[in-house]
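Peer 1: Sequence below, structure please.
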Amino acid sequence: MVSVTPRTMNGSTFYSHAPNMTDFNTSYGSSTGYYRPRPVLQSFQDFETSGVFEAQSVLESRHREEEERLQRFLLEEREKEMRKLDDTISSEKDRAAADLLSSFEHMSMSGSTPNLMAERERIEDHFRRTREEKLKVMMDKIATEEKTRTAKMLDRHGQEMLLLIAKKDREVDRSALFDHSMKPPVMPPETKKADLYKSPEVFKKLDERAIELTNKDYSSYTDLVKDLTRDCQTELEKVRVIFRWVIAKDLGKHNVKEIVRPNSTASLLRGVRTGKETYHQLFKKLCNFAGLHCEIILGYSKGAGYKPGMRMDGTSFRNSWTAVSIDGNWRLVNCTWAARRVTGHKDDLPEIFYKYDEFYFLTDPEDHIYQHYPDDSQWQLIDIPLPFSEFLNLPVVKSPFFNYGLRFYSNYGATLTTDSGMVEIRLISYKILGFGHVLESYDKSVDTRSLEGRVLLRHVKNEAIFTINLPRKGLYYFSIYTGDYWHSDCLESAASFLINCTDVIGAPSPPYPPVPFYGPTPMMDTLQIETSNQLDPLIVSNGESLDITFKLSKDVKITHTFQYFDASDSSVSDIDRYVFLRSRTDTGATYMVRCPKEGYYIFSLYAADENNETLDCVYRYLVICQQANQATNVFPKTFHKWQRCTLHEPVYGDLMTNKRYSFRLDVPQAVEVFLVIGDIWHHLKRKLGFTWEGNINTGKNPGTAKIYARFSVDRDASTFSRLLDYELIEDAETEI
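Peer 2: Numbers count the residues shown, from 1 in each chain. Got it, this is the predicted structure:
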């Protein structure tokens with residue numbers, strides 16, 4: 001196991017803070033330890049009044065000429081290499097044709113008659129394939145060289161742009177200690193992302209402006225950045241508006257000029273669209289125009305196709321991202337991963353639309369390291385850099401994990417080893433989320449049906465606990481999905497692990513019932529219902545009766561279900577007579593539960609307020625009975641009017657005939673309570689408060705004993721309400 005982020009447990013951070021030197025306060029947050037100097041020119045107004053934009057326009061024109069000259073050079077180099085390849089292939093083909101002709105003449109003299117046309121076609125096909133193979137290798141090499149030359153030129157242009165702005169800094173304030181030419185030291189940021197802004201909503205106007213400007217065509221970066229930053233006062237605002245423009249801009253869409261004149265210099269984003277420049281280079285260029293230091297970071301990423309336990313070497317899983325300096329603090333940004341292309345219909349959007357991922361904007365370093373490992377360790381932006389081996393041993397964690405506020409309870413590794421067949425993964429979740437999971441064998445020949453029901457999910461306080469019960473030894477992949485809506489079908493990948501099961505103790509346990517999760521639903525908080533005694537939705541029973549108590553107000557309506565899961569045939573059956581609402585008061589409800597045999601039982605509570613007719617599931621328990629009690633009896637059958645009542649005795653639903661029992665129950669607001677056996681109505685006597693009692697013989701005939709109550713002074717028999725039913729039997733044994 002590795003320790004990357006102490007705040008996985010308690011929210012603390014490992015950043016060190018320097019003494020206060022300069023206050024930094026904006027509407028987005030504040031830094032209490034800010035001490036890094038800032039350049040003179042910051043806002044759009046600063047750039048406008050000091051003449052930065054005019055000077056940039058002149059410099060950009062020179063840069064444009066250099067770019068065009070480089071493109072002409074690269075085009076000539078490409079054509080030269082193409083001619084060289086064609087000449088080589090042609091020369092080799094001529095020699096092969098000559099050899100064929102010589103061979104044909106020799107064979108003709110010896111009396112053979114070879115098929116000259118077939119041989120010529122074979123040679124043509126051979127050299128056609130040879131040219132295609134060499135062309136591919138050559139084009140890959142040329143493309144790499146072109147990208148390298150372009151990257152060097154763009155880096156130099158960016159430095160020159162910052163030098164230009166630095167010159168303007170000095171013109172405004174010759175005594176300034178810091179200007180735009182000075183690159184901030186590479187070190188961990190002083191504050192966390194949450195300290196800069198609490199919600200993306202604070203950028204709503206900037207985001208809307210950035211998206212609006214994606215529909216406008218520009219002939220220069222100076223004009224583009226000028227429009228983007230028009231309402232920006234701080235470096236944070238500049239980075240935000242540039243970020244949102246880059247990820248919102250559809251760079252696969254061409255304007256009219258590009259269609260009519262594909263080589264036109266008016267194509268501002270031609271480099272990105274042709275693949276010679278990347279999103280990161282575009283982001284860096286715009287940042288430099290806005291006076292922001294930005295660096296492209298190279299390294300490895302756990303991206304698409306990567307699974308826990310895989311190796312990283314060579315060119316596999318190579319990637320790049322950016323770091324941008326905001327007020328002297330380096331922040332991590334990934335425009336490529338932030339712009340997600342989504343297929344499907346959403347509201348009034350078309351089939352394919354772009355959805356941005358907030359996680360990749362100013363990502364905190366301790367979260368970023370789960371996915372990205374830079375070649376240069378200083379760009380981890382962590383005080384104590386993580387070794388590459390420990391990066392590989394981190395779980396595969398996706399952005400939804402952080403977007404939904406999840407944290408690991410412990411420092412789990414990418415590979416979880418068990419010698420018992422049981423694995424537990426605990427996530428800290430501060431609100432009830434929807435979760436899904438997939439368990440699959442590393443061995444593709446394993447029948448997926450054998451892994452159904454092998455994962456138990458339960459919510460306990462602020463934790464989501466996954467218990468994986470493996471059927472046999474082997475390697476398994478376990479993936480967790482999550483979403484904001486607790487019963488949503490649209491869940492996003494959050495984390496995944498490799499499980500190495502070296503042994504299974506004893507016979508494999510039976511699969512769990514086909515229930516998504518156990519514990520509270522969001523309606524629990526909505527209706528202000530609380531569990532009182534059984535805080536964990538997993539209850540292990542040895543045959544004794546169980547009490548389950550809830551705290552809830554008198555205005556909440558409740559009902560329940562109780563089911564038995566038969567693992568032998570995966571069937572679920574209702575056994576409602578083994579659960580009983582023993583007490584319902586203005587402040588709570590208590591259920592009694594009995595398990596007649598070993599196995600899994602599911603207790604579900606449904607509730608609604610008094611104005612809602614539909615009752616929703618608010619809590620679900622899983623009861624595992626390890627040892628059945630042969631003397632277990634059913635409960636009395638309850639009816640609607642039993643709500644608000646409490647049964648003290650007898651709490652068994654099957655009563656023996658010809659035997660005397662003491663009956664005692666609380667029936668608030670009742671004026672009369674009777675036990676009816678056959679045609680005989682036995683009057684129960686009212687004791688203290690609203691308790692009714694009676695000692696009554698059940699008689700010799702099997703049947704049903706019914707308890708009625710009258711809640712009105714009217715003695716009309718039709719006003720009696722049925723509360724409970726007992727079964728009178730000669731043999732007290734009952735079955736499910």
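
Peer 1: From residue 165, how far off is residue 225?
Peer 2: Distance, residue 225 to residue 165, using Cβ to Cβ, to the nearest Å: 11 Å. In short, each C-beta sits where N, CA and C put it, glycine included.

Peer 1: Could you check which of those two has the larger neighbour count?
Peer 2: residue 225 (28 against 25; other Cβ atoms under 10 Å).

Peer 1: Provide the secondary structure category for that one.
Peer 2: Recorded secondary structure, residue 225: helix (DSSP: H, G, I helix; E, B strand; the rest coil).

Peer 1: measure it to residue 210 for me?
Peer 2: Here the criterion is Cβ to Cβ. By it, residue 225 lies 12 Å from residue 210.

Peer 1: Report the secondary structure element holding the residue nearest in space to the middle of the chain.
Peer 2: Centrality entry for the chain: nearest residue to the mean C-alpha point is residue 400, 2.7 Å, by Cα atoms, centre = their mean. Secondary structure assignment for residue 400, by DSSP states H and E: helix 399-403.

Peer 1: What residues of that helix count as buried?
Peer 2: Going by neighbour count (16 or more other Cβ atoms under 10 Å), the buried part of helix 399-403 is 399, 400, 401, 402.

Peer 1: for stretch 174-185, same thing?
Peer 2: 179, 180, 181, 184.

Peer 1: okay, how far is it across it, tip to tip?
Peer 2: 23 Å (Cα to Cα, to the nearest Å).

Peer 1: again with stretch 564-576
Peer 2: 10 Å.

Peer 1: do the same with stretch 214-232
Peer 2: 17 Å.

Peer 1: Flag every buried residue along it.
Peer 2: Buried residues in stretch 214-232 (16+ other Cβ under 10 Å): 218, 220, 221, 222, 223, 224, 225, 226, 227, 228, 229, 232.

Peer 1: what's near enough to touch the first one?
Peer 2: Contact analysis of residue 218 by Cβ atoms under 8 Å, 6 or more residues apart in numbering lists 224, 227, 268.

Peer 1: Give the closest residue to the first one in space, chain neighbours not counted.
Peer 2: Nearest-residue entry for residue 224: residue 218, 4.3 Å, with adjacent residues in sequence omitted and distances by Cβ to Cβ, 6 or more residues apart in numbering.

Peer 1: Secondary structure element holding the one you found?
Peer 2: Assigned by DSSP H and E, residue 218 falls outside every helix and strand.

Peer 1: ends of stretch 503-512, how far apart?
Peer 2: Stretch 503-512 has an end-to-end distance of 20 Å (Cα to Cα).

Peer 1: Can you pull out the low-pLDDT segments for the stretch 151-300 of the chain?
Peer 2: Within the stretch 151-300 of the chain, the stretches with pLDDT under 70 are 252-267.

Peer 1: Going along the chain, name the helices of it.
Peer 2: 193-196, 204-213, 221-228, 235-248, 256-260, 270-273, 279-289 (DSSP state H, counting those that start in this stretch).

Peer 1: can you list those helices in JSON lines and add distance to residue 426?
Peer 2: Shown next, in JSON lines, are the helices of the stretch 151-300 of the chain (distance: least, Cβ to Cβ, whole Å):
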{"stretch": "helix 193-196", "distance to residue 426": "23"}
{"stretch": "helix 204-213", "distance to residue 426": "36"}
{"stretch": "helix 221-228", "distance to residue 426": "44"}
{"stretch": "helix 235-248", "distance to residue 426": "34"}
{"stretch": "helix 256-260", "distance to residue 426": "53"}
{"stretch": "helix 270-273", "distance to residue 426": "43"}
{"stretch": "helix 279-289", "distance to residue 426": "36"}
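
Peer 1: which stretch among these comes nearest residue 355?
Peer 2: helix 235-248 (9.6 Å; Cβ to Cβ).

Peer 1: can you list contacts of the closest one?
Peer 2: In contact with helix 235-248 (Cβ under 8 Å, 6+ apart) are residues 26, 28, 42, 196-197, 203, 206-207, 209-211, 213-214, 225, 228-229, 231-232, 279, 282-283, 286-287, 290-292, 324-327, 331, 333, 335, 338-339, 354, 356, 361-362.

Peer 1: ok, now stretch 498-510?
Peer 2: 307-309, 414-421, 423, 442, 468-478, 567, 599-600.

Peer 1: Please name the bridge partners of residue 706.
Peer 2: Beta-bridge partners of residue 706, counted by DSSP bridges, are residue 676, residue 725.

Peer 1: Against residue 694, how distant is it?
Peer 2: For residue 706 relative to residue 694 (Cβ to Cβ), the value is 14 Å.

Peer 1: pLDDT weak spots in the stretch 401-550 of the chain?
Peer 2: Looking at the stretch 401-550 of the chain by pLDDT under 70, you get 486-489.

Peer 1: could you redo the last one with a cut-off of 80?
Peer 2: The stretch 401-550 of the chain contains residues with pLDDT under 80 at 485-489, 508, 543.

Peer 1: where exactly do the helices run in the stretch 451-600 of the chain?
Peer 2: In the stretch 451-600 of the chain, the helices defined using DSSP H, counting those that start in this stretch lie at 522-526.

Peer 1: show me what contacts the residue nearest to the centre of the chain?
Peer 2: For residue 400, counting by Cβ under 8 Å, 6+ apart, the contacting residues are 482, 483, 492, 493, 494.

Peer 1: let's see 7 Å
Peer 2: Neighbour list for residue 400: 482, 492, 493, 494 [criterion: Cβ atoms under 7 Å, 6 or more residues apart in numbering].

Peer 1: can you list those residues in JSON lines and add distance to residue 157?
Peer 2: Compiled in JSON lines, the contacts of residue 400 are given as follows (distance: Cβ to Cβ, whole Å):
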{"residue": "482", "distance to residue 157": "43"}
{"residue": "492", "distance to residue 157": "38"}
{"residue": "493", "distance to residue 157": "38"}
{"residue": "494", "distance to residue 157": "40"}
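
Peer 1: Return the member of those residues nearest to residue 563.
Peer 2: residue 482 (26.7 Å).

Peer 1: So residue 728 lies in a strand, does it not?
Peer 2: Yes. Under three-state DSSP, residue 728 falls within a strand.
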